[in-house]
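1. One predicted model, sequence on top.
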Amino acid sequence: MTDLFQEPEDATHLEPHEREGLLQTWITHRRDLNEAEQENIVEGAAWARGRRRVSHERMLSEDFMRTLHKRMFGDVWEWAGTFRTTERNIGVQAYRIGVELASLLSDVRYWVEHETFPADEIAVRFHHRLVAIHPFPNGNGRHARLAADLLIERLGGERFSWGGGTLADVGELRTHYVAALRAADNHDIAPLLEFARS
């Protein structure tokens, strides 16, 4: 038995049918999966950043969110860019994903247009709610962080540091990130704002 599908306690676990969506047969250990996903994420981020002419309005669409996830994970997972169909320990019920995502994207467009919050706060609130919806079988945190980075860049800011390390591994950095997300769940966005710029 390998450690391929071992996840941190607070991570989203894949269902058996989702595990079958692994495209790369050479991946047999968790470190292989992490490496393959990271390479794919780098390519996805490069693709997204190459779309500088895409307005924040266009970026804030379901199509762009799905395409971004597909670009980030499509070389590794067959289901990349497809909304999850099963319930999770986090996220809205699967049948509500489309409606909740549309509501979030509409809210963020409104916040930007009316300068409801400072730019950093708009992007961090966007990240938090996108994680809370948890639209995809896996990769939601990484997807939401990149989406928030793309949004803040389009609003004229610098991308976030997200603690300055990798959040994929169990450790103090991930613990701080999850605690900041939970504080935001309880309507205290300050720890997540601080973490994003730490």
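-> Received it, and whenever you're ready, just let me know what you need. Numbering: from 1, shown residues only.

2. can we go C-alpha only for contacts and neighbour counts from here?
-> Will do.

3. List the buried residues for stretch 17-35?
-> Along stretch 17-35, the positions that meet the burial threshold by neighbour count (16 or more other CA atoms under 10 Å) are 18-19, 22, 27, 33.

4. hmm, I was thinking of stretch 156-165
-> For stretch 156-165, a neighbour-count test (16+ other CA under 10 Å) marks 159-160, 162-163 as buried.

5. tell me which of the residues you listed is nearest to R88?
-> W162 (24.3 Å; CA to CA).

6. Once you drop chain neighbours, what's closest to the closest one?
-> The shortest distance from W162 to any residue that is not its chain neighbour, by CA to CA, 6 or more residues apart in numbering, is 4.3 Å, and that residue is A196.

7. from the buried residues of stretch 17-35, which single one is nearest R129?
-> Ranking the buried residues of stretch 17-35 by separation from R129, with CA to CA as the measure, puts E18 on top at 23.5 Å.

8. what's the burial count for the nearest residue to G21 once chain neighbours are set aside?
-> Among residues not flanking G21 along the chain, E78 sits closest, at 4.8 Å (CA to CA, 6+ apart). Burial of E78 is recorded as 17 neighbouring residues (other CA atoms under 10 Å).

9. E78 touches L23, doesn't it?
-> Yes: applying CA atoms under 8 Å, one finds E78 in contact with L23, separated by 6.2 Å.

10. got the contact list for R53?
-> R53 makes contact with no residue under the criterion CA atoms under 8 Å, 6 or more residues apart in numbering.

11. and if you look at H69?
-> The contact partners of H69, by CA under 8 Å, 6+ apart, come to 44, 80-81, 139, 143.

12. Would you mind measuring from the residue nearest to G21 to A184?
-> E78 sits 32 Å away from A184 when distances are taken as CA to CA, to the nearest Å.

13. now the helices for the protein?
-> Along the chain, counting by DSSP state H, helices occupy 16-19, 30-49, 56-59, 62-73, 97-114, 119-133, 140-154, 172-185, 190-196.

14. Save these as TSV, and put in distance to Q6 and mean pLDDT too.
-> TSV is the format used below for the helices of the chain (distance: least, CA to CA, whole Å; pLDDT from 0 to 100):
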stretch	distance to Q6	mean pLDDT
helix 16-19	12	86
helix 30-49	7	94
helix 56-59	33	92
helix 62-73	18	98
helix 97-114	26	98
helix 119-133	20	98
helix 140-154	17	97
helix 172-185	16	96
helix 190-196	26	98
